[in-house]
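S.K.: Turn this into a structure:
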Amino acid sequence: MNEHTNTQAITLDRLTAFAVEVLIAAGADRVQAGDVGNILVWNNAFGRHNQGVWRLPLLCKRLSAGLFQCPCNPRIDDRAPAVALVDGDNGMGHYVGRVAVDEAIERAAKVGAAAVGVCNSNFLGALGYYVQRIAERGMLGLAMSNSFPKVAPHGGAKPVLGTNPLAFAAPRRNGKSVIVDLATAASAGSDITKAAELGEALPEGIAIDRDGRPITDPAKVNEGALLPLGGPKGYALGLMVEILCGVATGAGISHGVRSMYRDFERGGDSGHFFVAIDTGVLMPLDMFYERMELLVDAIRDCEGVMLPGEGRWRAHAQTEAAGGVEFDEATTDALTRLAGSHGVATPW
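M.R.: Below you'll find the predicted structure:
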């Protein structure tokens, strides 16, 4: 394969090893880079390519600038049997998020349900990974994170909230959890960035300028603001995320959260919030699975309707059938340049 066109699939193991070596070359600790690499490639495997290794150039830029503490030492503050706060020590958000969600799982296994808040962290990628990690344990999972302001409150034109994603997962007997994973803005920030990279226009209803007029050029979104998803409903959900992740954890709030794209002087000070609920404290797991399938069957009665997360599971099946992940030309070129700048061999 040449450096411009990926003509073969890259196995997940090879892609993960590549991501880890690039992160280490940029200054990351090997163990923590391992978590980050695994999460990035999980997103590629599940079709979330904007949250996969496409993120490596930005992560490496911040690593090389010393904007992540790596290795970091997350500090777990035990507030109650079912509640903990984690200070992420300005670590890479993917690693800090993995530590925090595992803490929620461990506590829920002991006491039935647990909530873990996180402060002093950074961007942690798509939240679907973290709730699926909970669901794999037969638990119900909830995750959310605040981010730097780029979304106007409903009726306003200035950015106050981040895209503030939230995710939920419910386990199923077949292992293919229902996964709800969404931004509370009209578009995820990564989709805007990717559209700008590809030179694609945005539809109206995604972003506005300071006078409330539509922005269709993704490169100009930073001059205005994204709109909340579904108007007042998305605004309310985004505010809920900000309260739980920012106010309640001690993390940055609104403009106190820094842009990973534009602020190269400080860490992000993002906040996260995870909840794990052991279904076994509500009913036997087999009963829960049976009741989940009753709901799934009712939805299937509507012809052509997909479950939330079903597209991700289909993408995962396609990844397995292809023997790995394939990339577009722009991503391949960017990763080739990144690898060359750090003296790392590419897997293509």
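
S.K.: what's the domain layout of the chain?
M.R.: Per the record, the chain has its domains at 1-66+309-348, 75-185+228-305, by automatic domain parsing.

S.K.: With respect to burial, which of these scores highest?
M.R.: Each of the domains of the chain was scored by mean neighbour count; the highest is domain 75-185+228-305, a mean of 20, by mean count of other C-beta atoms under 10 Å. Backbone N, C-alpha and C define where each C-beta goes, glycine included.

S.K.: That domain: end-to-end distance?
M.R.: With C-alpha to C-alpha, to the nearest Å as the measure, the first residue of domain 75-185+228-305 is 44 Å from its last.

S.K.: Show the end-to-end separation of stretch 46-56, please.
M.R.: Distances were taken as C-alpha to C-alpha; on that basis the terminal residues of stretch 46-56 are 17 Å apart.

S.K.: So what touches it?
M.R.: 15, 18-19, 22-23, 40-41, 43-44, 125-126, 128, 188, 190-191, 193-194, 311-316, 318-319, 325, 327, 331, 334-335, 338 (C-beta atoms under 8 Å, 6 or more residues apart in numbering).

S.K.: Now with 6 Å, please.
M.R.: Contact with stretch 46-56 is made by 19, 22, 40, 43-44, 125-126, 190, 194, 312, 315-316, 331, 338, as judged by C-beta atoms under 6 Å, 6 or more residues apart in numbering.

S.K.: What helix or strand is the most centrally placed residue in the chain located in?
M.R.: With distances taken as C-alpha atoms, centre = their mean, the chain has residue 126 as the residue nearest its mean C-alpha position (1.6 Å). With the criterion set as DSSP states H and E, no secondary-structure element contains residue 126; it sits in neither a helix nor a strand.

S.K.: I'd like to know how far it sits from residue 42.
M.R.: Using C-beta to C-beta, to the nearest Å, one obtains 9 Å as the distance from residue 126 to residue 42.

S.K.: Which parts of the stretch 201-348 of the chain are strands?
M.R.: According to DSSP state E, counting those that start in this stretch, the stretch 201-348 of the chain carries its strands in the segments 207-208, 214-215, 225-226, 270-278.

S.K.: which helices and strands does the longest one pack with?
M.R.: The criterion is 3 or more C-beta pairs under 6 Å, 6 or more residues apart in numbering; DSSP states H and E, and the helices and strands that strand 270-278 contacts are helix 93-111, strand 113-121, strand 139-145.

S.K.: ok, now with 10 Å
M.R.: Secondary structure elements in contact with strand 270-278, counted by 3 or more C-beta pairs under 10 Å, 6 or more residues apart in numbering; DSSP states H and E, are strand 83-87, helix 93-111, strand 113-121, helix 128-135, strand 139-145, strand 166-170, helix 232-242.

S.K.: picking that back up, turn the strands of the stretch 201-348 of the chain into CSV, columns for distance to residue 109 and mean pLDDT.
M.R.: Rendered in CSV, the data for these read as follows (distance: least, C-beta to C-beta, whole Å; pLDDT from 0 to 100):
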stretch, distance to residue 109, mean pLDDT
strand 207-208, 43, 97
strand 214-215, 47, 95
strand 225-226, 38, 96
strand 270-278, 6, 98
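
S.K.: Can you say which of these is nearest to residue 10?
M.R.: For residue 10, the closest of those is strand 270-278, at 29.6 Å, according to C-beta to C-beta.

S.K.: before we move on, the earlier item: would you turn the helices and strands packed on strand 270-278 into TSV with mean pLDDT?
M.R.: Rendered in TSV, the data for the helices and strands packed on strand 270-278 read as follows (pLDDT from 0 to 100):
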stretch	mean pLDDT
strand 83-87	98
helix 93-111	98
strand 113-121	98
helix 128-135	98
strand 139-145	98
strand 166-170	98
helix 232-242	98
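
S.K.: Out of these, flag the one nearest residue 30.
M.R.: helix 93-111 (11.7 Å).

S.K.: where along the chain do the helices fall?
M.R.: 12-25, 30-45, 56-64, 93-111, 128-135, 189-198, 232-242, 285-300, 310-322, 329-342 (DSSP state H).

S.K.: now the third one and helix 329-342, what's the angle there?
M.R.: Here helix 56-64 runs at an angle of 30 degrees relative to helix 329-342 (axes from the mean of the first three to the mean of the last three C-alpha atoms, to 10 degrees).

S.K.: What residues does the closest residue to residue 116 other than its chain neighbours make contact with?
M.R.: Take residue 116 and drop its neighbours on the chain: the residue closest to it by C-beta to C-beta, 6 or more residues apart in numbering is residue 104, 4.3 Å away. Contacts were defined as C-beta atoms under 10 Å, 6 or more residues apart in numbering; by that measure residue 104 touches 82-84, 86, 113-117, 130, 133-134, 139, 141-143, 273-277.
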